[in-house]
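> I would like to see how this sequence folds:
(2 chains)
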Amino acid sequence: MNIFDIMGPIMVGPSSSHTAGAVRIGLITRHLLGSQPVSAQLLLHGSFAATGKGHGTDRALVAGLLDMAPDDPRIPRAFALAREAGMELNISTAVLRGAHPNTVLLRVGDSQGREMEVNASSLGGGRVRVNAIDGMEATFTGDYPTLIIRNQDKPGAVAEVTGILSRRQVNIATMQLYRDRRGGLAVMVLESDQPIWAEAVEELRASPGIVRVTYLDMEGGH
Amino acid sequence: MSFGSVESLLRAAESVPVWEAVLLDDLSDRGVEREASWEKMAGLWRAMEESVASYDPERRSACGLTGGDGAKVEQAQIGLCGPVLTAVMATALKVGECNACMGRIVAAPTAGASGVLPAVLLPMKEKYGFTDEDMVRSLYVAAGFGQVIATRASIAGAEGGCQAEVGSASAMAAAALVSLLGGTPEQMAWACATALQNLMGLVCDPVAGLVELPCVKRNVIGAVNALTAAELALAGVGSPIPCDEVIDAMRAVGDVLPAALRETGGGGLAATPTGRRIAEELLGR
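The predicted model follows:
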């Protein structure tokens, strides 16, 4: 634990888990979608549902979707700013089976018709974790440059991806594999120590068998 | 490597001041340049000052329970405990309220306990005419002691109760104060130990689960407790139980606290008839 985990962050209150963490979840979701959502459905679970209103969790999530960082003084006005930006909001509570107490399910869509569903939890101290994307398990924090790759589950898919990254000199820090069923859709989550070149991401996108590539670099955006 | 004990922190401070030992450790821990570390800490100090300067007495929290009390104390100037302590109390309330009302604060060590450090440091800067450099150095001292507390015990109310949040903030502030006033490293450890001892067992019982009642006022006692602990230490009143052992005891107490008293809103003030009524009214809205 470094000293700035103790001192800071600078944030808009009142709660690092229910406010600052929620902003970060919104921000990660926006980055995953790749552009500002025009519609967002937020389903708050557990403690987020029970105390979210008093902690401004709902406004904090929307602030993140609007590209605000956890210390942005405009966070309390997020609803009004979303209205001005033409973002359609639908916020309610839900019981998500087996989820961490501070969990939210976000369904977002952008102006080009792209849609995404993100399940994420706030773990305390402003740290967060994405649990699933579009209903498929995919666990990452957004603390590192992260690649989320959806591909057909068939032999050679992993070698194809790691081959491209290796040729592009990208060092993989962690790698996780998930799939919905044999031969179905699979998800690879790769975290890297350094930013991943746009060319590598484009090459991955063009590869056969790869359905969708999402690249998340929170530092690059901020 | 970060400091796992106050003893190792004091050992590292045999050749350099405590603040410098913490800074040097940060450089090797995070692999950053001295300027980068200093600028980051100075940024936290500026943000603390801003959180007090931007206080708006008209602002209320989302549920309407919190706001305006810092101004009340400042204007009344009762002075029962002297003008400095009045300023300390008012500042703690202001930052606590700022946090509850979705204002910008420094979570040092947490958002719920964010009022303690600014409450003891800002009035001291005014009283003694310290420079910003002095204040940033004292934040390094607070960080060093806070790091040991976080490593050996906890700074999360959900884990250790309020003693881990306001208690830790108070202990960090007490050590920072001793450093600011020219005390020895040993006196900083005494102040840290005394502050923790005197808030040991403090439970986390927020009404309706919100960081408002009693959190804002607990920042006041955390700040005042830091001042008393620092004054005792500077006067030479030691801590027979070594600081590291006090921190371990705080952890042990936190471990046996029932869940109802660890930020669940299920016990203490949250479980009073009025606390429950407030929670129900909020949920019903």
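
> Which residues are in contact with the closest residue to residue A:19 other than its chain neighbours?
Spatial nearest neighbour of residue A:19, chain neighbours left out: residue A:60 (4.8 Å); criterion: CB to CB, 6 or more residues apart in numbering or on different chains. Yep, even glycine has a C-beta here, placed from its N, CA and C like the rest. Neighbour list for residue A:60: A:12, A:18-20, A:22-23, A:26, A:70, A:75, A:78 [criterion: CB atoms under 8 Å, 6 or more residues apart in numbering or on different chains].

> Quick check: phi and psi at residue A:60.
The phi/psi pair for residue A:60 (degrees, to the nearest 10) reads phi -60, psi -40.

> quick one: it from residue A:29, how far?
Using CB to CB, to the nearest Å, residue A:60 is found at 12 Å from residue A:29.

> Just read off the phi/psi values of residue B:202.
Note on residue B:202: backbone dihedrals following degrees, to the nearest 10 are phi -60, psi 130.

> I misspoke; the intended subject was residue A:9.
The phi/psi pair for residue A:9 (degrees, to the nearest 10) reads phi -80, psi 170.

> and it, what does it touch?
By CB under 8 Å, 6+ apart, the residues touching residue A:9 are A:16, A:20, A:70-71, A:126, B:106-107.

> let's go with 10 Å and repeat that
A:16, A:20, A:69-71, A:125-126, B:44, B:47, B:105-108, B:111 (CB atoms under 10 Å, 6 or more residues apart in numbering or on different chains).

> Near residue A:4, how many other residues are there?
17 (other CB atoms under 10 Å in any protein chain shown).

> Does anything pack onto the strand or helix carrying it? Which helices or strands?
For residue A:4, the element it lies in under DSSP states H and E is helix A:3-6. The contact analysis (3 or more CB pairs under 10 Å, 6 or more residues apart in numbering or on different chains; DSSP states H and E) places helix A:3-6 against helix B:18-30, helix B:34-53, helix B:132-152.

> Give me the nearest residue to the residue of the stretch 1-150 of chain B found nearest chain A, chain neighbours excluded.
Nearest to chain A, among the residues of the stretch 1-150 of chain B, is residue B:99, at 3.3 Å (CB to the nearest CB). The shortest distance from residue B:99 to any non-neighbouring residue, by CB to CB, 6+ apart, is to residue A:13 (3.3 Å).

> What separation do you get for the one you found and residue A:66?
Distance, residue A:13 to residue A:66, by CB to CB: 19 Å.

> Likewise for residue B:142?
Separation of residue B:142 from residue A:66 (CB to CB): 34 Å.

> out of the two, which sits in the more crowded spot?
Neighbours were tallied for residue B:142 and for residue A:66 using other CB under 10 Å; the higher tally belongs to residue B:142 (34 against 24).

> where in the chain is pLDDT low?
No chain in the question, so chain A it is. Under the criterion pLDDT under 70, the flagged ranges of chain A are A:220-222.

> actually it's chain B I care about, not the one you picked
In chain B (pLDDT under 70), the answer is B:1, B:285.

> Quick one: the strands in it, in order.
Using DSSP state E, the strands found in chain B span residues B:104-106.

> For burial, what's the neighbour tally of residue B:43?
Counted with other CB under 10 Å, the neighbours of residue B:43 add up to 14.

> Tell me how many other residues surround residue A:103.
Counted by other CB under 10 Å, the residues lying close to residue A:103 total 23.

> no, scratch that, I was asking about residue B:26
Other residues within reach of residue B:26, judged by other CB under 10 Å, total 25.

> so who does it touch?
The contact partners of residue B:26, taken as CB under 10 Å, 6+ apart, are A:2-4, B:2, B:32, B:34, B:36-38, B:40-41, B:140, B:143-144, B:147.

> these two touch, right, the residue nearest to residue B:99 and residue A:75?
Yes: using CB atoms under 10 Å, residue A:13 is in contact with residue A:75, at 9.5 Å.

> Now the common contact residues for those two.
With contacts taken as CB under 10 Å, 6+ apart, residue A:13 and residue A:75 have A:19-20, A:56, B:102-104 as neighbours in common.

> So what touches stretch A:153-164?
By CB under 10 Å, 6+ apart, the surrounding residues in contact with stretch A:153-164 are A:147, A:149, A:151, A:166, A:170, A:172, A:175, A:177-188, A:190, A:199-201, A:203-204, A:206-210, A:213.

> which ones among these are found in helices?
Among the contacts of stretch A:153-164, the members found in helices (DSSP state H) are A:166, A:199-201, A:203-204, A:206.

> Identify the residue nearest residue A:210 in space, chain neighbours excluded?
Leaving aside its sequence neighbours, residue A:210 sits nearest to residue A:151 (CB to CB, 6+ apart; 4.7 Å).

> List the beta-bridge partners for the one you found.
For residue A:151, the beta-bridge partners under DSSP bridges are residue A:186, residue A:210.

> State the distance from it to residue B:105.
In this view, residue A:151 and residue B:105 are 44 Å apart by CB to CB.

> Which one's more surrounded, those two?
Taking other CB under 10 Å, residue A:151 and residue B:105 do not tie; residue B:105 has more neighbours (27 against 22).

> Would you agree the more buried one is in contact with residue B:92?
No: with contact defined as CB under 10 Å, residue B:105 does not reach residue B:92; the gap is 11.9 Å.

> which residues are in contact with both of those two?
Jointly contacting residue B:105 and residue B:92 under the rule CB under 10 Å, 6+ apart are B:52, B:114-115, B:118.

> Now rank the residues you listed by neighbours and give me the top one.
For the shared contacts of residue B:105 and residue B:92, neighbours were counted by other CB under 10 Å; the highest total belongs to residue B:115, with 35 neighbours.

> In chain A, which residue sits closest to chain B?
residue A:13 (3.3 Å).

> list the contacts for that residue?
A:19-20, A:55-56, A:75-76, B:51, B:61, B:95-105, B:107, B:111-112, B:114, B:211.

> now residue B:150
If you count contacts by CB under 10 Å, 6+ apart, residue B:150 has them with A:1, A:3, A:5-6, A:125, B:2, B:109, B:143, B:156, B:164, B:168, B:172, B:247.

> Return the residues in contact with residue A:49.
Contacts of residue A:49 (CB under 10 Å, 6+ apart): A:43, A:57, A:92-96, A:101-104, B:283.

> Could you tell me which of these belong to helices?
Of the contacts of residue A:49, the ones assigned to helices by DSSP H are A:57, B:283.

> Just among the contacts of residue A:49, which is most surrounded?
In terms of neighbours by other CB under 10 Å, those top out with residue A:104 at 31 neighbours.

> For residue A:90, list each beta-bridge partner.
Residue A:90 forms beta bridges with residue A:41, as assigned by DSSP bridges.

> Going by length in residues, pull out the top helix of chain A.
The longest helix of chain A (DSSP H) is helix A:21-33.

> what separates it from the chain centre, distance-wise?
Mean C-alpha position of helix A:21-33 versus that of the full chain (CA atoms, centre = their mean, to the nearest Å) differs by 5 Å.

> Now that helix: buried residues?
The neighbour-count check on helix A:21-33 (16 or more other CB atoms under 10 Å in any protein chain shown) flags A:21-33 as buried.

> Likewise for stretch A:138-145?
In stretch A:138-145, counting by 16+ other CB under 10 Å, buried: A:138, A:140-142, A:144-145.

> Can you convert those residues into CSV and add a column each for distance to residue B:218 and secondary structure?
What follows is these, written out as CSV (distance: CB to CB, whole Å; DSSP: H, G, I helix; E, B strand; the rest coil):
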residue, distance to residue B:218, secondary structure
A:138, 40, strand
A:140, 36, strand
A:141, 31, coil
A:142, 32, coil
A:144, 36, coil
A:145, 40, coil
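
> Tabulate these in a markdown table, adding columns for distance to chain B.
As requested, the buried residues of stretch A:138-145 are arranged in a markdown table below (distance: CB to the nearest CB, whole Å):
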| residue | distance to chain B |
| --- | --- |
| A:138 | 26 |
| A:140 | 22 |
| A:141 | 18 |
| A:142 | 19 |
| A:144 | 15 |
| A:145 | 18 |
